[in-house]
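In: Dropping the sequence and predicted coords here.
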Amino acid sequence: MRVVVAATAHVAIPTLEWLKGSEHQLARIVTTPDSKSGRGKVLTESRVAEWANENSIPIFKPSTVDEMKAAFEDCDIVIAIAYGKILTAQILDLPRFGFINLHFSLLPAYRGAAPVQRALLKGESVTGYSIFKIDQNLDTGPIYHQEKYDIDTHATSADVLKALSERGAKAFSQVLDDIERGVEPIKQGSDGISLAPKISKKETQINWKVTSASVLNLVRAFTPTPGAWTTFQGMVLKITEIGPSTTQTSLLPGVIQIENKKLFVGTSDVAIEVSKVIPAGKKEMTATEWLNGARIAPGEIFE
């Protein structure tokens, strides 16, 4: 098949790598226009655009309707993975076999932009991926293939997305073969429908008044991006890794305690150990390294 990939995020890279070595032709990559990022607000290409340049694959960055039409013409099928753009019926009808999407949940659960983050936030132990035909609604199209995945107790969203993106990439061999042979996808059921909307910054703030398990789930869900955070002495401090408490001391929610150069924080039930942080304007460091430079008075809290 002559395949176009529409993608922006790094989770598309395993599929691009698979396509490059497959019997199919990777005709071009369609991604979002360069965006401003970093402190200097410098125009930066998506990771997918970087991959395209590294592998000498034609790349389109459409921003108008006419550019979108040109990007998706002259191909058999489009594989969309975290593309981030709304596709109209006019665009969806351009490829011979339409558009298919690799989505990181077991549809119809967690339809939307942040399925893995929402699953971890809820404390799910099982998720998976779905490859389905895109229609005009939000992740409602019929399904070609699904696979379950057991979530490790301490896995972050980055860990889960890496695993799912790699497994999903391998499944496209069978899916594309099925599509060429005329195999019809299966309509989604109505049981278990849930939504996974985009994450807001407010949601990523840690509430120390909830249980330790809830705090752990929040940190796992939002690591590495957008990042779970709290404030200390009026400054934002991102928390990127925590573990169960090894202290017997009871702490009130948010109260900080240092034992043997380790950082403990109280929740609504038991204290937890914070092991990695990102101070404002700095890189990730261990909590011990942060403590070496922080001035923490007795009874201070995270808010």
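Out: Nice, I can see it. Numbers count the residues shown, from 1 in each chain.

In: and Asn53, that's in a helix?
Out: Yes - counting by DSSP: H, G, I helix; E, B strand; the rest coil, Asn53 is part of a helix.

In: how far away is the residue nearest to it when sequence neighbours are not counted from Ala294?
Out: Nearest-residue entry for Asn53: Ile59, 7.1 Å, with adjacent residues in sequence omitted and distances by C-beta to C-beta, 6 or more residues apart in numbering. The way it works is simple: take the backbone N, C-alpha and C, and place the C-beta from them, glycine included. Plainly put, Ile59 is 45 Å away from Ala294 if you go by C-beta to C-beta, to the nearest Å.

In: go on, Phe60?
Out: Using C-beta to C-beta, we find Phe60 at a distance of 48 Å from Ala294.

In: Kindly report the same for Leu176.
Out: Distance from Leu176 to Ala294, counting by C-beta to C-beta: 53 Å.

In: More neighbours: these two, which one.
Out: Leu176 (23 against 17; other C-beta atoms under 10 Å).

In: contact partners of the helix or strand hosting the more buried one?
Out: Leu176 belongs to helix 157-180 when assigned by DSSP states H and E. Contact with helix 157-180 is made by 1, 3, 11-15, 17-19, 22, 24, 77, 79, 81, 97, 100, 102, 104, 116-117, 119-120, 127-129, 131, 144-145, 147, 149, 151-152, 220-225, as judged by C-beta atoms under 8 Å, 6 or more residues apart in numbering.

In: could you flag which of those are buried?
Out: For the contacts of helix 157-180, a neighbour count by 16 or more other C-beta atoms under 10 Å gives the buried set as 1, 3, 11-15, 18-19, 24, 77, 79, 81, 100, 102, 104, 116-117, 119-120, 127-129, 131, 144-145, 149, 151, 220-223.

In: Next step: those residues restricted to strands.
Out: 3, 77, 79, 81, 100, 102, 127-129, 131, 144-145, 149 (DSSP state E).

In: could you redo these as CSV and give each row distance to Glu184 and pLDDT?
Out: Listed next are those as CSV, based on distance: C-beta to C-beta, whole Å; pLDDT from 0 to 100:
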residue, distance to Glu184, pLDDT
Val3, 20, 98
Ile77, 15, 98
Ile79, 18, 98
Ile81, 22, 98
Ile100, 13, 98
Leu102, 19, 98
Thr127, 26, 98
Gly128, 21, 98
Tyr129, 20, 98
Ile131, 14, 98
Tyr144, 9, 98
His145, 13, 98
Tyr149, 25, 98
